[in-house]
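Colleague: Sequence and predicted structure, then a few things I'm wondering about:
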Amino acid sequence: MHIMEGFLPAIWCIVWWIVALPFLIYGIIQLKKILSENREYLPLLGATGAFIFILSALKLPSVTGSCSHPTGTGLSAICFGPFITSVICLIVLLFQSLFLAHGGLSVLGANILSMGIVGPVAGYGIYRLLKDTSLNMYITVFVACVFADLFTYIMTSIELALAYPAEIGGYMSSFTLFFGIFAITQIPLAIVEGIVLTLVFKYIVQLKPDILITLQVFSKEKIDKARSEI
Amino acid sequence: MAKNYTLEILTVVVLALFLVGFIYTTNTMKDAEFGGSDGVGSATVAEMTGQSEDAFQPLIPQWQPPSGEIESCLFAIQATIGGIIIGLVFGYWIGQNKREKTT
């Protein structure tokens, strides 16, 4: 999902930075707030953030014959919401821009928007929709993680399509082209990411259910029921 | 009560399918390079604008890892940081649970 440094016209770099900034600022405020509320949130924040670190470093081969990486943002979005997740993504993407030449400082806003904001918002949105339904908790987590991953790449395709509309067919055909490159490659990876993060979520339920209950990630009944089935 | 391992089994199945997909692709798609999709994206941008990829200069000067080895080293460091934190947190929780049980 990284747009490479220099591959986005300056005007779009500025636009995406402006869009991303309010999310980051609100995320930092929220982060301070929840950590002053309860220090026991810190380990969970560390673990969900660490999965973003690991998964976004893994470049996995896909059936299209090219490699791409999962984002790992779903779990953090479920537990802490998309704003805090965007701050963690800022750290990861900054590391990659400075040391790995993946993305860059001018395109950082665009990359944060896709991986740190649109993906987590999509995952969080579907999680909120399914949260209080009778659907199995783990299926909700799985779907949310898959959505967070896929929408990241859909947003990257939109960003590139807006900057480079095709001569014939304009934005739409350009979007289809980039969507084909990014999103199709991503589908198998999103499924793998979804199931792995769901398994991690199961272990959190097993080890530290009270944190998930105080954060109101799922209702106490659902978590208790899941624990009785472990 | 028997332990419920449905999710673990499903994970292994999905990972196995993923692996089969990879082996199948490497054997059937001879031209598959398994380059990064980021790179493919950049190449497509270059193709669409009719410029060479070298024409896209960084807007903000950027350090490049001098070789693939150094790049993979830095990626490994990134993953290691994540791994250490996860091990620490889960260990902390397991320890916490143990202490609660004994006291």
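Modeller: Structure's in. What do you need?
Colleague: Okay, strands next: where are they in chain B?
Modeller: Along chain B, the stretches classed as strands by DSSP state E are B:35-36.
Colleague: Tell me which residue lies nearest the centroid of it.
Modeller: residue B:79 (8.5 Å; Cα atoms, centre = their mean).
Colleague: which residues touch that one?
Modeller: By Cβ atoms under 8 Å, 6 or more residues apart in numbering or on different chains, the contact list for residue B:79 reads A:53-54, A:57-58. No exception for glycine: its C-beta is placed from N, CA and C like everyone else's.
Colleague: switch the cut-off to 6 Å
Modeller: Residues near residue B:79 by Cβ atoms under 6 Å, 6 or more residues apart in numbering or on different chains: A:54, A:57.
Colleague: Check what contacts stretch A:30-50 and list those residues.
Modeller: A:75-76, A:79, A:83-84, A:87-88, A:211, B:82, B:85-86, B:89, B:92.
Colleague: Could you tell me which strands sit next to the lowest-mean-pLDDT helix or strand in chain B in the sheet, and their orientation?
Modeller: Lowest on mean pLDDT, DSSP states H and E among the helices and strands of chain B sits strand B:35-36, with a mean of 82. Using DSSP bridges, strand B:35-36 pairs in its sheet with strand A:66-68 (parallel).
Colleague: now the partner strand: mean pLDDT?
Modeller: The predicted model gives strand A:66-68 an average pLDDT of 88.
Colleague: Residues of chain B that sit close to chain A?
Modeller: B:4, B:7, B:11, B:14, B:18, B:21-22, B:25, B:29, B:32, B:34-38, B:40-42, B:45, B:48, B:56-60, B:62, B:64, B:74-75, B:78-79, B:81-82, B:85-86, B:89, B:92-93 (Cβ under 6 Å from any Cβ of the partner chain).
Colleague: From the residues you listed, which land in helices?
Modeller: The helices, defined by DSSP state H, take in B:7, B:11, B:14, B:18, B:21-22, B:25, B:37-38, B:40-42, B:45, B:48, B:74-75, B:78-79, B:81-82, B:85-86, B:89, B:92-93 from the residues of chain B next to chain A.
Colleague: From those, list the buried ones, please.
Modeller: B:7, B:11, B:14, B:18, B:22, B:25, B:37-38, B:40-42, B:45, B:48, B:74-75, B:78-79, B:81-82, B:85-86, B:89, B:92-93 (16 or more other Cβ atoms under 10 Å in any protein chain shown).
Colleague: report the longest helix in chain A, please.
Modeller: Chain A, longest helix under DSSP H: helix A:170-207.
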